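*Asks:* Could you look at this predicted model? Sequence included:
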Amino acid sequence: SFYSSLRGVRIPATILFSDIVGFTTLTESADPEALVKQLNEYLSRMTAAVFENDGTLDKFIGDAVMAVWGNVKSRGVAEDAKSCARAALAMRRELQTLNAKWKTEGIAPFRIGVGINHGDVLGGNIGSQEKADPTVIGDAVNLASRLEALTRTYPVDILIGASASKLIRDEFHLRSVALVQVKGKTRPVEIFTLIGVKNDPGDGELLQRLELYEAGFRKFRERSFKEAKILFSQFLE
C-alpha cells in the first residue's frame, strides 16, 4: 500500500475534520448507553459519506472524524478537493435525515461543524514501535482542524480554506465568510462556506442572492460601509 512502502512522503492533499458541537457536555449528562448508540449510528453515516466519495478515513478522535483525499489515491488535486466537498454535503444531508429520525424517537439532535483545507502534508506511518498508524501531519492539517473549530464563531456548518475553495469554485456555490487570523499564520486567511453544487434546479435566484451578498462583502472590505449596508439589506430582502 501507499503507506507501507513509504517511510515518509510529502504530498498535496485535501483534509476534512468534522465534529459534534457541544458533545463533551453531552457526555457528562446524557444516558451513556443511548449516547454511544447514537454516536455510533452517526459515525457510521459520516464514514459512509467519506467512502462513497473516495476519501480515506484517517482517524476518529472521540466524536471527531478526520478524512483525507489524495493520500492513498488521487485523481488530481482539483478532483480530490471536489470529492471532499461532495462528502461534506453528503454529511450535511445524512445528518438532517438522522436528526429527523431521532426526533421521532425523542432523541436530541446533533449539530456538526466541518472544516476543509487543502495543502501539502507529510504522510507516513507515524507513532511508536508498539503502535504506528498511517496518517498525515502538517500545517495544512492543523488549519483544517482550526477551520472546523471556527464553525462555532461563524454560525455555519462547513468552512473551507482559500486554496481548497479555488479548486472547487467552478462546480460549487461558495459564500465568503471572513478573513481570519489563525494561530501559526502571519497573514490572515480567507474562509468560505459551502452552499451547494452548481446547476441545481432553482439556481437562478440563489445566484442573484449570492452575487448581492458578495458585492456587499467587497464593499465592506473596501470600507464603503454605506454601500455595503444597502447591498446587504437587498440580500436580506
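*Replies:* Perfect, I can see it now. Numbering: from 1, shown residues only.

*Asks:* Now do the strands in this protein.
*Replies:* Taking DSSP state E, the strands of the chain run over residues 9-20, 56-61, 64-69, 112-127, 132-137, 158-161, 172-180, 189-197.

*Asks:* Tell me which other helices or strands the helix ranked longest in the chain touches.
*Replies:* Using DSSP state H, we find that the single longest helix of the chain is helix 77-104. In terms of contacts (3 or more CB pairs under 8 Å, 6 or more residues apart in numbering; DSSP states H and E), helix 77-104 is packed against strand 9-20, helix 32-52, strand 64-69, strand 112-127, strand 158-161, helix 162-168, strand 189-197. C-beta here means a position set from N, CA and C on the backbone, and glycine is covered the same way.

*Asks:* out of the ones you listed, deepest packed?
*Replies:* Here the criterion is mean neighbour count by mean count of other CB atoms under 10 Å, and of those the winner is strand 158-161, at a mean of 28.

*Asks:* related to what we said a few turns ago, who wins for proximity to residue 27 among the strands of the chain?
*Replies:* strand 9-20 (10.2 Å; CB to CB).

*Asks:* Let me see the contact set for residue 77.
*Replies:* 12, 14, 70, 118, 167 (CB atoms under 8 Å, 6 or more residues apart in numbering).

*Asks:* out of these, what pair is the most spread apart?
*Replies:* Maximum distance among these (CB to CB): 10.8 Å, for 70 and 167.

*Asks:* any common contacting residues for these two?
*Replies:* With CB under 8 Å, 6+ apart, residue 70 and residue 167 have common neighbours 14, 77.

*Asks:* Can you get me a residue count around residue 154?
*Replies:* 14 (other CB atoms under 10 Å).

*Asks:* Make 11 the starting number, not 1.
*Replies:* Shifting the count to begin at 11 puts that one at residue 164.

*Asks:* Residue 171 versus the closest residue to it other than its chain neighbours, what's the distance?
*Replies:* Leaving out its chain neighbours, the residue that sits closest to residue 164 by CB to CB, 6 or more residues apart in numbering is residue 187, at 5.2 Å. Using CB to CB, to the nearest Å, residue 187 is found at 11 Å from residue 171.

*Asks:* which residues do the two both contact?
*Replies:* residue 201.

*Asks:* quick revisit: dump the contacts of residue 87 into a markdown table; add distance to residue 113 and pLDDT as well.
*Replies:* Shown next, in a markdown table, are those (distance: CB to CB, whole Å; pLDDT from 0 to 100):
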| residue | distance to residue 113 | pLDDT |
| --- | --- | --- |
| 22 | 41 | 96 |
| 24 | 33 | 98 |
| 80 | 37 | 95 |
| 128 | 35 | 98 |
| 177 | 36 | 98 |
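
*Asks:* May I see those organised as CSV, with distance to residue 150 added?
*Replies:* Listed next are the contacts of residue 87 as CSV, based on distance: CB to CB, whole Å:
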residue, distance to residue 150
22, 9
24, 9
80, 11
128, 7
177, 13
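
*Asks:* Point out where this structure drops to low pLDDT.
*Replies:* Applying pLDDT under 70 to the chain picks out residues 11-16.

*Asks:* ok, now with 90
*Replies:* 11-19, 34, 36, 39-40, 82-83, 134-144, 191-197, 199, 209-219, 247 (pLDDT under 90).

*Asks:* how about residue 203, what does it touch?
*Replies:* 164, 166, 167, 168, 169, 170, 184, 185, 187.

*Asks:* hmm, try it at 10 Å
*Replies:* Applying CB atoms under 10 Å, 6 or more residues apart in numbering, we find residue 203 in contact with 124, 161, 164-170, 175, 183-188.
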